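J.: A structural model of the following input is requested.
(one chain, ligands or ions: 2)
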Amino acid sequence: MNPFHYVQAQEVDSSVDRVSRAPDASFLAGGTGLLDLMKLGVQTPAQLVDVRKLPLAKIEQLPDGGVRLGAMARNSEVAHHPLILERYPMLSQALLAGASGQIRNMATVGGNLLQRTRCPYFRDTATACNKREPGTGCSALEGINRGHAVLGGSEACIATHPSDMCVPLAALGATVRVKGPKGERSIPFADFHLLPGKTPQRESALEHGELVLSVDIPALPAARRSLYMKARDRASYAFALASVAAVLEVEGGRIRQARLALGGVATKPWRALEAEKQLSGQAPTPEVFLAAAKAALQGAQPREHNGFKVELAQRLIVRALARLGGQS
Ligand SMILES: Cc1cc2nc3c(=O)[nH]c(=O)nc-3n(C[C@H](O)[C@H](O)[C@H](O)COP(=O)(O)OP(=O)(O)OC[C@H]3O[C@@H](n4cnc5c(N)ncnc54)[C@H](O)[C@@H]3O)c2cc1C
Ligand code: SF4
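T.: Ligands and ions are numbered 1, 2, ... in the order given. Below you'll find the predicted structure:
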């Protein structure tokens, strides 16, 4: 591992100041993602500003009935918090479907948002990777791409965004509050993660030195009936091959409101807006669910080894909607 300078941050403003002034400085939260990448030589920050002790770990109700997740709240705290279990069960399910108990006890909300892809070429410094070293090429395009994205890819990168937590947050239309040298701003979740396009090295709307303060989830009473389903190679401790976060509100035999987002199949947490539109106002039947699932995967671009993800994701969507639609 490269040598680095370590600082324990005491307050938000000085941490933002310290990282924004030094191009080779990085925030450190739970360390479950960043330290692995440092050991592999994929990331080589010269300075780590440890933000774990900043007073940003609260999970609290917002005046509009929504919930604020402090950026330093641990994944396990969020998953087991009564407000989350009651109002957004799919968020709790998504978090508990990720990593292991030990990792969830360390990993934070901010770190989970900003975790890097698990593309094996990205993590192997002996291979070409546009995300790690812009302009070197993408080894996955013609290589082993079983785990890669079928939605949102480009000729420069087809890596998936690996987070489970981000999938329900996309469906819920959360907002990310951040603070940088120019002050605070709020970024809608849909704009927080970027598509790879020609610059896959740029993964989020954050400027260097901007610190995530919280993720604010709006009130959505319908989300009390919500579900997260994840398909993976092993029953636990594995990233999603495909996952779905779904909300379905049925009233008088018609779908009043639906929310759908996908994980494991796209280059960023993927809200399926077209599928949501298709469901709205329809009867909750298997045919309607299948049509919505097809709409969600419209435009998918499978590569040599990942074509199975299209049907896998469609089946997960149908199953999740059927489970939700079948409840009284
Ligand atoms: C073996 C293993 C299995 C895993 N399985 C899963 C899984 O199934 N599903 C899943 O979703 N995840 C999984 N993970 C990933 C895990 O969820 C992430 O490593 C974790 O969420 C990162 O959080 P952290 O607090 O440790 O972040 P860190 O590793 O400390 O930081 C990650 C990145 O975020 C930046 N950062 C952190 N906090 C902030 C902030 N407040 N503002 C700005 N930048 C910030 C850091 O600078 C760094 O670039 C797995 C990880 C491991 C090691
Ligand atoms: S898919 Fe993206 S992360 Fe993976 S090798 Fe290609 S450029 Fe790198």
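J.: and the host helix or strand of Arg185, what does it pack onto?
T.: Assigned by DSSP states H and E, Arg185 falls within strand 183-188. Helices and strands touching strand 183-188, by 3 or more Cβ pairs under 8 Å, 6 or more residues apart in numbering; DSSP states H and E, are strand 175-180. Every C-beta, even on glycine, is put in place using the N, C-alpha and C of the backbone.
J.: what's near enough to touch the residue most central in space within the chain?
T.: Residue closest to the mean C-alpha point of the chain, counted by Cα atoms, centre = their mean, is Cys166 at 2.8 Å. The neighbours of Cys166, taking Cβ atoms under 8 Å, 6 or more residues apart in numbering as the test, are 112-113, 189, 193, 263, 269.
J.: what about Asp36, how many neighbours?
T.: Counted by other Cβ atoms under 10 Å, the residues lying close to Asp36 total 13.
J.: Which positions in the stretch 101-250 of the chain make contact with ligand 2?
T.: Contacts of the stretch 101-250 of the chain with ligand 2, taken as Cβ under 6 Å from any ligand atom, map to 117, 119, 121-122, 129-131, 138-140, 148, 157-159, 200.
J.: now those: which count as buried?
T.: Among those, those classed as buried by 16 or more other Cβ atoms under 10 Å are 117, 119, 121-122, 129-131, 138-140, 148, 157-159, 200.
J.: Below-threshold pLDDT in the stretch 201-328 of the chain: ranges please.
T.: Along the stretch 201-328 of the chain, segments meeting pLDDT under 70 span 326-328.
J.: thinking Gly263 is in contact with Arg271, fair?
T.: No - assessed by Cβ atoms under 8 Å, Gly263 is found out of contact with Arg271, at 11.0 Å.
J.: These two: who's more crowded?
T.: Between Gly263 and Arg271, Gly263 has the larger neighbour count (other Cβ under 10 Å), namely 33 against 23.
J.: In CSV, list the C-alpha atoms belonging to the longest helix that the chain contains.
T.: Determined from DSSP state H, the single longest helix within the chain is helix 308-325. Provided in CSV are the C-alpha atoms of helix 308-325 (Å, rounded to 0.1, in the frame of the first residue of the first chain):
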residue,chain,number,x,y,z
PHE,A,308,-29.4,-13.7,-18.9
LYS,A,309,-29.7,-10.6,-16.9
VAL,A,310,-32.5,-9.2,-19.0
GLU,A,311,-34.9,-12.1,-18.3
LEU,A,312,-33.7,-12.4,-14.7
ALA,A,313,-34.5,-8.8,-14.0
GLN,A,314,-37.9,-9.1,-15.7
ARG,A,315,-38.8,-12.2,-13.6
LEU,A,316,-37.7,-10.4,-10.4
ILE,A,317,-39.9,-7.4,-11.3
VAL,A,318,-42.9,-9.6,-12.0
ARG,A,319,-42.4,-11.6,-8.8
ALA,A,320,-42.0,-8.5,-6.6
LEU,A,321,-45.1,-6.9,-8.1
ALA,A,322,-47.1,-10.0,-7.7
ARG,A,323,-46.1,-10.3,-4.1
LEU,A,324,-47.0,-6.7,-3.4
GLY,A,325,-50.2,-6.9,-5.4
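J.: Check which residues of it are buried.
T.: Buried, per 16+ other Cβ under 10 Å, within helix 308-325: 309-310, 312-322, 324-325.
J.: Which strands and helices lie in contact with it?
T.: strand 226-231, strand 242-251, strand 254-263, helix 286-296.
J.: Please identify the deepest-packed of those.
T.: strand 242-251 (a mean of 26; mean count of other Cβ atoms under 10 Å).
J.: Pull up the gap between the residue of the chain positioned farthest from its centre and ligand 2, please.
T.: Most distant residue from the mean C-alpha position of the chain: Gly252, 33.8 Å away (Cα atoms, centre = their mean). Distance, Gly252 to ligand 2, using Cβ to the nearest ligand atom, to the nearest Å: 46 Å.
J.: For Pro302, find the nearest of the helices and strands packed on helix 308-325.
T.: With Cβ to Cβ, the closest approach to Pro302 among those belongs to strand 242-251: 12.3 Å.
J.: coming back round to it: skip ahead from the strand holding Arg185 and say which helix or strand is next.
T.: Next along from strand 183-188, by DSSP H and E: helix 189-192.
J.: Nice, that's everything, thank you.
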